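1. Quick check, what structure comes out for this input:
(2 chains)
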Protein chains: 2
Amino acid sequence: MTQAATASATGGGDFHVFDTTLRDGAQMEGLRYSVADKLAVAELLDELGVDYIEGGWPGAIPSDTEFFARAADELNFKHAKLVAFGMTRRAASTAADDPGFGALLDSRAPVLCLVAKSDMRHVEQALRTTPEENLAMITDSVRTGREHDRQVFIDCEHFFDGYRHDPVYATLVVKTALDAGAEAVVLCDTNGGSVPSDITAAFTDLRARLLGAGLAPERIRLGMHAQNDTGCAVANTIAAVEAGAMHVQGTANGYGERPGNANLFTVIANLETKLGRKVLPDGGLEKLTRVSHAIAEIANMIPDEHAPYTGHAAFAHKAGIHASAIKADPALYNHVDPVVVGNDMRILVTEMAGRASVELKGRELGIDLSGDKDALDRITRRVKELESKGWSFEAADASFELLVRDEVEGGLPRPFTLDTYRVIVDHDPNGTTVAEATVRVDVEGERVISTAQGNGPVNAIDAALRSALAARHPRLAELTLSDFKVRILAGSKGTDAVTRVLISMSDGEAEWTTVGVAPNLIEASWNALADGLAYGLNRR
Amino acid sequence: MTQAATASATGGGDFHVFDTTLRDGAQMEGLRYSVADKLAVAELLDELGVDYIEGGWPGAIPSDTEFFARAADELNFKHAKLVAFGMTRRAASTAADDPGFGALLDSRAPVLCLVAKSDMRHVEQALRTTPEENLAMITDSVRTGREHDRQVFIDCEHFFDGYRHDPVYATLVVKTALDAGAEAVVLCDTNGGSVPSDITAAFTDLRARLLGAGLAPERIRLGMHAQNDTGCAVANTIAAVEAGAMHVQGTANGYGERPGNANLFTVIANLETKLGRKVLPDGGLEKLTRVSHAIAEIANMIPDEHAPYTGHAAFAHKAGIHASAIKADPALYNHVDPVVVGNDMRILVTEMAGRASVELKGRELGIDLSGDKDALDRITRRVKELESKGWSFEAADASFELLVRDEVEGGLPRPFTLDTYRVIVDHDPNGTTVAEATVRVDVEGERVISTAQGNGPVNAIDAALRSALAARHPRLAELTLSDFKVRILAGSKGTDAVTRVLISMSDGEAEWTTVGVAPNLIEASWNALADGLAYGLNRR
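-> Got it, this is the predicted structure:
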């Protein structure tokens, strides 16, 4: 913390939050952005208040070229600057003549980030050129960028491995880039193999060598790009800042190749709340949770429930015996106030639930139970009784809310009540399997029967139910089933087993989960499904 | 790294890897273990080679009491010691008279881990006792444990917050526990709000204070328990070891409350491959990936593809422009050799299974595949193809064995083949639900039809199948269904989803697991069920 305070004093406001979600983050397996997705992500990042947004590699990736063309016309950043990523010019040419470099200038991005080699082995084996030519490529590329009024960053690929292998040459690369006018030189732990003490040692040693080489302290402008292969990407970034880095790179939610990049949102929250460095504009930090979830949505990734600061479970407590202490002083149990990062404190209702945690949980739902001891007792008793039978409300907030409202407000209006259902699954001699469900429900006093087929029995019931309710509840079309989990509980020896089903649904804005428990899997699914639809139709 | 080397030199072989997957890891939202799950997880952790396995809180949680009773009878660890978690005795009593403390001794666990308060504010607000009584509780509890021949660890809850608030009292708590004979005192970052420089500073300062208080250096035995609320749990643990900690706590895959605990598997891999400290027995590290995935399956959690070291994508390279360089010298692009942690580099092998691991796994089953390259290729291809469709052989050894024997020995004799089945689930207007299945099978050339009812559809199929086969296969009566897990994979938006079912069966001597995958839950269950019965009837 002493180091942090010092760095903060010297760093002043001249600190860069550099996002590379759209470039290095897009290396993540299974992640594909459309150009429209990229534009939407860039707008969210600008709204959050990052300083630089690296949008891709124009000239090398056709959709990135298109992104930059549209970004120049359509995006109007309030705060951020758009960055085009590329390589230093090729060996034995000039930046002015290099078509790859030309594409970067054509992108109209005001900032360039150029990857350069700082590990001798990569210079020889990947670039297949000489150490001297590599330095000339850096100087020429930075200068040419500057001549075209671009800010230029140099990303030193494989820096820490290279530094271990040959610190003299790696230092020379950094000095060459700074001498040529690079805005900052970013040290990349490309293979992600470092732990914080490695980062601290390298930054400290490099700084000493650069000072020894005659560089003035204020001209030593270094950044950090961490990958998460040791699970230390965030910590490595923090260690770099404590050792004097004034530029941090990372991605939304830590997206990236292999175990990912440094999660920029965690880095930002740590810098602001732990190191006391304000790195976002006013009001930025409280947008963190929303922006994190919105980007996950655009990237079509399931948000990480357990992500630090921004995850749905980041501030979730299994209250148990300490519920009353948490109620008295939540600050003793949260490392920061969740509101600071736009998140909420959640109390999980568990087997050990006492009245205090039920009351806390009710408050979360906007229901004040403190004045109604009887209701509080009834709810606590029902929760305990149901959980002892295998229900689990901690992962099923919607079921808990339905239960509370049943006890306090006479219940949410149920859009339908079940009369009967029948499901048939048939496997014929050809090996074809068909599932068909018939449901009979009461909808606002009218009895409706409907039959539908589906992939499986639950899917068939869902389809039949939707067809029965479609006319009265057109909003049903917006609700989608997003997850389905089944677990056999307790006795689990054939007849005594109980099945627990968790169903998650979404209406595009929110997601909610309901639970159903019964000896019969289909019955448990039905319960969870019916509650999930009822909850969804009552939303707003 | 200098610090690490020093610590390693002084630490010697006296280093503890302490797993708390089954206790603190079970605090994770949405995670519930059955007692059988816990026994299976404990066996895997012992096989990996951790030193201590904290199994739960006997006396406080009924299923934990049952776990310890069964563990004492059934588990036969090769390496690990089982740990019972609990609290120091209550205020104004004695450990000998405290029923909670008695339950710990009754658990028969050879090691106790007792949580104690080291933050004055928690002493006052949660324990509601005096600072002196808190110290007396620690001394009395440690001594009483020692008198009953137990090793005793003290977990100092909220240590780092407490240390910031009142370092004198926090130091006194640590010294009191060490003086009373605690094996080690574990500093817990319970709220998870620390970054590595905080940990380094606190360990360094505490050590100085303890030395100043007259404690001999070799008696300063400290551990680290980190939570991941700043995304730094692994790094905080590494920082603690570099600052002299000789005991690390963590959980499988980082399971735990809020953003989770330190991922013990990442910590272990970092300690062994980055800090050069051997902390597992010979051959342990290469089991890391397999154990990580097997525990995820048991916990019914989706394995984190991007987990450091053990994730499916941990060494996945989007080769791009560097493909040939990677092929020429993969060491330049991997921070460690994936084989070291039992993982694969995915640029060469797409799915988890390479020929090497198939060969290894075959050897486990007593089938030597090294001489039959063709069979090895066929099996590897089939495994890859099936796994790409959602099958998972990691937790389904019996299915894997059936597949291998199909390719090598013409297959195990199948006691029956399926012709057709039909399942009907009926929910009548009185709310009664009935499941009925009719199966038609060929048993040794004879066609048999049988109908049975059951708790649910799978149970009904199981019953009908047993009744159809009873005459020819009386051993069937010995086979019981012990677990059933369902997960929806991939698309999960209605029609594209695929269902994976894992079924575990037992004959009283052994337990085996089979896997089935199909769009239809019933069909997937049927596949797993049929394989499980076939495997069971072929045993011996």
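2. OK, contacts around the nearest residue to residue A:232 once chain neighbours are set aside?
-> Excluding its sequence neighbours, the residue lying closest to residue A:232 (C-beta to C-beta, 6 or more residues apart in numbering or on different chains) is residue B:235, at 4.3 Å. All C-beta atoms are positioned from the backbone trio N, CA, C, and that covers glycine. When contacts are counted by C-beta atoms under 8 Å, 6 or more residues apart in numbering or on different chains, residue B:235 touches A:195, A:196, A:231, A:232, A:234, A:235, A:236, B:195, B:196.
3. Need the residues that contact stretch A:160-169.
-> Residues contacting stretch A:160-169 (C-beta under 8 Å, 6+ apart): A:117-122, A:131, A:156, A:170-171, A:187, A:189-191, A:193-194, A:198-199, A:202, A:205-206, A:209, B:332.
4. Filter these down to the buried ones, ChimeraX style.
-> The following ChimeraX line selects those of those that are buried, judged by 16 or more other C-beta atoms under 10 Å in any protein chain shown:
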select /A:117,118,119,120,121,122,156,170,171,187,189,190,191,193,194,198,199,202,206,209 /B:332
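5. Mind checking which of the contacts of stretch A:160-169 land in strands?
-> Among these, DSSP state E puts A:117, A:156, A:187, A:189 in strands.
6. Quick one: neighbours of residue A:188, just the number.
-> Look at residue A:188: counted by other C-beta atoms under 10 Å in any protein chain shown, it has 24 neighbours.
7. show me what contacts it?
-> So residue A:188 contacts A:155, A:156, A:157, A:158, A:159, A:225 (C-beta under 8 Å, 6+ apart).
8. Check the gap between the spatially closest residue to the second one that is not a sequence neighbour and residue A:161 for me.
-> Sequence neighbours aside, residue A:118 is the residue nearest to residue A:156 in space, at 4.0 Å (criterion: C-beta to C-beta, 6+ apart). The span separating residue A:118 from residue A:161 equals 9 Å under the rule C-beta to C-beta, to the nearest Å.
9. pLDDT of stretch A:513-529, averaged?
-> In this model, stretch A:513-529 has a mean pLDDT of 91.
10. distance between the ends of that stretch?
-> Using C-alpha to C-alpha, to the nearest Å, one end of stretch A:513-529 lies 10 Å from the other.
11. right, and the residue nearest to residue A:156 touches residue A:154 too?
-> No: checked against C-beta atoms under 8 Å, the pair residue A:118 and residue A:154 is beyond contact range at 9.0 Å.
12. which residue sits closest to residue A:281 in space, ignoring its chain neighbours?
-> Take residue A:281 and drop its neighbours on the chain: the residue closest to it by C-beta to C-beta, 6+ apart is residue A:49, 4.2 Å away.
13. Read off the pLDDT value for that neighbour.
-> Note for residue A:49: predicted pLDDT of 97.
14. Now do the contacts for residue A:227.
-> Counting by C-beta under 8 Å, 6+ apart, residue A:227 has contacts A:189, A:190, A:191, A:192, A:233, A:256, A:257, A:258, A:259, A:260, A:261, A:262.
15. could you pick out which of those are near chain B?
-> Among these, the ones lying near chain B by C-beta under 8 Å from any C-beta of the partner chain are A:191, A:192, A:257, A:258, A:259, A:260.
16. does the fourth one count as helix, strand or coil?
-> Residue A:258 carries the three-state label coil when classified by DSSP: H, G, I helix; E, B strand; the rest coil.
17. ok, now which residue in chain A is the farthest from the centroid?
-> Distance to the chain centre peaks in chain A at residue A:429, reaching 47.2 Å (criterion: C-alpha atoms, centre = their mean).
18. That one and residue B:421 touch, don't they?
-> No: with contact defined as C-beta under 8 Å, residue A:429 does not reach residue B:421; the gap is 10.6 Å.
19. For the most centrally placed residue in chain A, give me its contacts.
-> In chain A, the residue lying closest to the centroid (C-alpha atoms, centre = their mean) is residue A:253, at 3.0 Å. Residue A:253 makes contact with A:263, A:265, A:292, A:295, A:296, A:301, A:303, A:304, A:307, A:310, according to C-beta under 8 Å, 6+ apart.
20. same check, this time on residue A:448
-> A:440, A:441, A:442, A:468, A:469 are the contacts of residue A:448 under C-beta under 8 Å, 6+ apart.
21. Pull out the buried residues from the helix or strand where the second one lies.
-> Meaning residue A:441. For residue A:441, the host element (DSSP states H and E) is strand A:433-443. Judged by neighbour count (16+ other C-beta under 10 Å), strand A:433-443 contains these buried residues: A:433, A:435, A:436, A:437, A:438, A:439, A:440, A:441, A:443.
22. outside of it, which residues touch it?
-> Under C-beta under 8 Å, 6+ apart, the answer for strand A:433-443 is A:415-428, A:447-457, A:459-461, A:463-465, A:468-469, A:472-473, B:518, B:520, B:522-523.
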